[in-house]
Structure formats: C-alpha cells, structure tokens
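Q: Got a predicted structure plus its sequence, pasted below:
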Amino acid sequence: MRLHRLWPVLLYCCLAPAAAPASAQSPATGPPSRAARGLIVHLKAPSDIRESAQATRERLTALAADTGLSPAHPPIILGGGQHLLRFAHPLSGADLQAVERRVRLHPFVATAEPDLRLKRLAEPQDPYYVNGTQWYLRRPAEGGAAAINLPPAWDRSAGSPRQVVAVLDSGVLYHHPDLAGRLLPGYDMVSDTNTANDGDGRDADASDPGDWINAAEAGTMHFADCTLEDSSWHGTFIAGVIAATTNNGQGVAGVSWNSMVLPVRVAGKCGAWLSDLLDGMRWAAGLPVAGVPANPYPAKVINISYGGNRACSSAYQLAIDDVTAAGALVVAAAGNNDSQLTRPADCAQVLSVGAVRQDGLKTAYSNHSPALGIMAPGGPGATETGPGITATSNTGKTGPGEHSYATRAGTSFATPLAAGVASLMLSLNPALTPAQLIARIQAGARPFPANPAYGLCPDETLGIGACNCTTASCGPGLLDADRALQQAASPSAVIAPLGDVAAGGTLTLDGRGSAALPGRTIAAYQWSLVSGPAAVSVPSTNAATVNVSLPSAVGTWVFRLLVTDSAGDAADNYVTASTTPPPEVGARSSSSSSGGGGALGPLWGAGLWLLALAAWARRRP
C-alpha cells in the first residue's frame, strides 16, 4: 500500500478513542435493537481514480484491522460500490453502536449501516383490523389518504408498559375483555354527587356507572342545560382507541399494544365541571391535589376530549403549564363546531387534534386554525358519508350492559390516535419533552391531499361542508405514525429562546437542551450562520453554548445548531436573532445648559466669538 494511503490510517489510529474488543458483552441501555451480522460499508472515493480491485481489498482489510472486525470473513462485494464487512458473531445494542461508530469515523469510510435481518412488518390479527374496519390504522395506500400508517411504526415499537397515557373522561368499564391488562387503577375526580351518578364524590373508583340523562332529569335544576341521551361509555371508547388489547383474537387493535391507560374520571351526567378537569390534569401528571392520594402512576401523555366554547383561560393555562413542566404532554380535541379553536385546544403547549375524513379532507364539523397541532382521522359528519372510528363500548342504555364495540365520529376520536402515537414515541425515546413530542409529530406530518370538487378551508364556498385543508387553515398536516417514530429515534437539537439583543451586543446561543437517545450521548455541537449580514463570526468550538458578537448595525441573523450523537446520528435546528438599535451615548437634551441646546449650541457659541472678534478689529487704530 502506498504511503499516501497509509497516513490517514495512522492518524486515525492515533486519534481514535481506544475501543473495547467487539466480543465484549456490555449491556444495551438504548431502545431494543436487532442483532446485525456485519456492516454495509461504502468507501470514500480513492485518491487514485485508477485504483485496482486489489487496492480496494487492501483498503477494506486495513479498515477491518483498524476497527477490530473479524479477519475470518473476507469482505463481500455488493452492488453500488458497497461491501459487507462481517462480524465474528452477531452484535446488538451498545456493542453494535460502538463498532458502527468506529467504522463511521474511519477516514476510508463514506457511509456505514448495520446488516440487519428484515422481518415482515407487524400486523395485528384482531378481527376489526383484519376486515378493514380499522382502516385508519393502516398504510395510506390501504386505508385511505388519512390513514395514520401504523404497520411500519409498529415494526419500530409496539409500545412499552412503562409508558402511561391518562384518559381524562367519563371513567372506564374495567371488565371489558378487550381492555384486559391495559388499565391501571385510576381515580374518580368528579366532586358533585349529581354529576357523579355513583352516590358519592371523589373516590378511588374510576369505573363508569353511566352518564345518561332521562326525561325526568332533563331541564331540572341540576341538569338545566342538558339534553335527553343514553350513556356514552365515552372513556371506554377512548381507552380502546389508545391501547385495546391487541392480537388477542377479538375486537379491535390499539394504537399502542403495550402502553398502560390511567383512567381519570372527570365527567359524569351532562359532562365535566372545569374544576374537576383541572384537578384531574394535575393528578394525572403526578402533581399534588388537596384531599386526594398521590398518583402512583404519573402519565407522560394526557388525553382530553372535553372542552368549552371560550378561549383559553388563565386557570386552564396555569394547569397546562404545571403538567407540562412535570413532563406530561396534553393532547386535546380541537372541537366539533366548524369554527376556530377553543379551550383547551387553543392553550399554549397543547397538541390540539382536528379531524379529517378517510379521503384526507377536513370533516364538516372539525374546528380549524393555522395553530392546530395535527389532523387525524375522525370519521364523517352527519351530512357526509364514509367510515368512522371503531373501538370498545357497551350496549347499556343507562347502566352497564353487554360488552360491545361501536363506531363513532368526532375530534374526540381523532385525539386518542395522536395520544397513542406520542406514547409509542416515548417508548423509543423516553427523554422526549412535551415540546419535542409536538415538534417531532409535526415534523413527521404528511401533506394534505387536495380534491378539486371541494373548496379551501375555512371558506367552504361550495357549501359541501368538508373542505381542502392547507397549512394556513389546518396546521402542519396529517398524522403519520411511522414518520413520527422516525423523528423520535434521533437526537434532538434544542436551542433556548433568544431575548432582545441590542446592536453591538453579545448573543449567547444555548443548545444545552439538546438530547440523545437513551444509552447515547451528544458527541458534537456545531454552530453556524445560515443567513444575515456577514459581519458576524460564529466560534467553531465544539460547545453547547457559544457567544457571538454582533455588529453595531441593526439586522436579522439565522443560526443553525447541528448535533451528532455517540452513534453518529445527527439532527439540526435553527434560531433567528434580531437586534434593536443601541442606546444613544452622550446625547444632549433640549434643556442642556450649553446655551441654545442640542446641535445648535456649539454654532451659537462660535457666532458670539466671531462678533466679539469683529468688534475688536473695528476698535484697532
């Protein structure tokens, strides 16, 4: 091998961190991973474009020796200029990550990825999924434009029992056979005995006694604004959408096969009182509530299908801020009034969920706004046709009857689809914050489809009811589970918000909020200037925070942070900084004692000296 090919290897050997032998068995602390039999490697272009096959083999042999790969397996030539380097035995977890990182850092290597055994994508065998009733869980090519693409997502993760989703609703029917093993002991937060319909106020029984209103009750003092209706079994339905027991040969499949549901009963006959819902949010997140035992199963996702017709209030926002600070994401229904968002969907730090039909158009009922978090399947409105959402229910008109399944439509039933996806994301990356969950769900959104037979939302000029969504009317796009999980399985580049900066001042770029997947660390931070006046220089140091000196001119700059984790995966983010004019230094006021004030003072003084000089000249002989 020529010397000019050897020096990068020598440099790599001197600078690369010492590596443990590939056979060392260190525990895998990251997300579950499959065993790889080797690495698929694409070499960088050789310095000598006439490199022979023998020279390529020499480079591969040197690469294997430098990185501790098995010499017993010669490299296998693949198509596209790639080669397979075999391990002595299959590797997974931390061992695989360590070898992959060493190979990626080698100066000969352009790309490297594990050679994994591919399996048939996970597909549940529950009857309602198999027969197509649960179209909304399938790939878009199978279930329709709005389907949330769960089969490839399930191949990444089917959920974890360590992840808890709180369902703030009417309670649940604990003995429904398709919820077996999925329900935690929750709490009944309904304080009013008439609303509770179970003979008492708050207690440790989160089961649903029914929420019917009969003819004798409708219009009475307790239920003055309530209408005649049968029991909804609403909370049982929501729990089934999120986490119905899957592959048990009956009923429906859940979005998450292994996550746990924490029932928090906040609603009864005729709905929920705001005070009960706010206390229920805090309790669900593990925060203290007066007179109520501590929650032993704090949730990281809170599903809320109840709301009002007013804008977000200070009481709502304070509770949401509290639970968000505790690490819980609030996922709230957008509402069914074909209007702008109302509380809690319009509160800050909430993932609001609107509803689309199977064809991806906004339903006639769904609220809409450019601030919507995501759109998901919700089923057709009363004037529309198409399939709805199917989940666990009960035949009882008042109290519980026979366990059953029902099909419904509304933003209430789009919301648990998003909550379930958030739980799957946390099973891959438990370190994700509520803000990161929202950002990654939105980053993975699919574009809205368009149908020329319908008008644009929210005009609905054709009077058909449903309409074509755009980002200006319905938010970032359609929920896509697989793309969301891809986003979850990567490091996050997080930049702290910037305050006002005066021109000529110093700006601190702070990326300390960035995070890696469990079992990995952030290995590198790289800051750069994307746009703005070129007078700004960004330090090239590998640091989570850097200081940037801004010129005295007013301007706007966009900075980029690229983070790379210890396995070689990368993510980036951007932040915009705008400067304000610097304060005037040494400015005189109009009341200055300089005699005349402002800029005219010096001229006035010079004029007096000229007059005195002229008078002196006239007096000379």
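A: Yep, it's here.

Q: Going along the chain, name the strands of the stretch 101-250 of the chain.
A: 109-116, 164-169, 187-188 (DSSP state E, counting those that start in this stretch).

Q: Which of the ones you listed sits closest to Pro416?
A: strand 164-169 (7.7 Å; Cβ to Cβ). For the C-beta atoms, the positions are set from N, CA and C on the backbone; glycine is no exception.

Q: List the strands paired with the closest one, with their directions.
A: Neighbouring strands of strand 164-169 in its sheet, by DSSP bridges, are strand 260-265 (parallel), strand 301-304 (parallel).

Q: Nearest to Tyr316, out of these?
A: When the strands paired with strand 164-169 are compared (using Cβ to Cβ), the closest one is strand 301-304, at 10.4 Å.

Q: quick one: contacts of the closest one?
A: Under the contact criterion Cβ atoms under 8 Å, 6 or more residues apart in numbering, strand 301-304 has outside partners 163-169, 238, 242, 277, 281, 284-285, 323, 328-333, 344, 415-416, 419, 422-423, 426.

Q: Same check on stretch 240-250?
A: 124-127, 158-159, 165, 167, 176-182, 251-261, 303, 389, 391-393, 413, 416-417, 419-420, 423.

Q: Select only the buried ones of those residues in PyMOL?
A: In PyMOL, this line selects whichever of the contacts of stretch 240-250 come out buried by 16 or more other Cβ atoms under 10 Å:
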select buried, resi 124+126+158+159+165+167+176+178+179+182+251+252+253+254+255+256+257+258+259+260+261+303+389+391+392+393+413+416+417+419+420+423
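
Q: mind putting the strands paired with strand 164-169 in a markdown table, distance to Ile40 and mean pLDDT included?
A: Shown next, in a markdown table, are the strands paired with strand 164-169 (distance: least, Cβ to Cβ, whole Å; pLDDT from 0 to 100):
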| stretch | distance to Ile40 | mean pLDDT |
| --- | --- | --- |
| strand 260-265 | 38 | 98 |
| strand 301-304 | 36 | 98 |
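
Q: mind checking which of those is nearest Ile148?
A: Of these, the one closest to Ile148 (Cβ to Cβ) turns out to be strand 301-304, at 15.5 Å.

Q: Confirm Ala311 sits in a helix?
A: No - with DSSP: H, G, I helix; E, B strand; the rest coil as the criterion, Ala311 is assigned coil and is not in a helix.

Q: contacting residues for it?
A: Here Ala311 is in contact with 342-343, 346 (Cβ under 8 Å, 6+ apart).

Q: From Trp527, how far out is the nearest residue to Leu372 once chain neighbours are set aside?
A: Closest residue to Leu372 apart from its sequence neighbours, by Cβ to Cβ, 6 or more residues apart in numbering: Gly475 at 3.3 Å. Using Cβ to Cβ, to the nearest Å, Gly475 is found at 30 Å from Trp527.

Q: quick one: which of those two has more around it?
A: Gly475 (25 against 21; other Cβ atoms under 10 Å).

Q: what bits of the stretch 501-621 of the chain have low per-residue confidence?
A: By pLDDT under 70, the low-scoring segments of the stretch 501-621 of the chain are 582-621.
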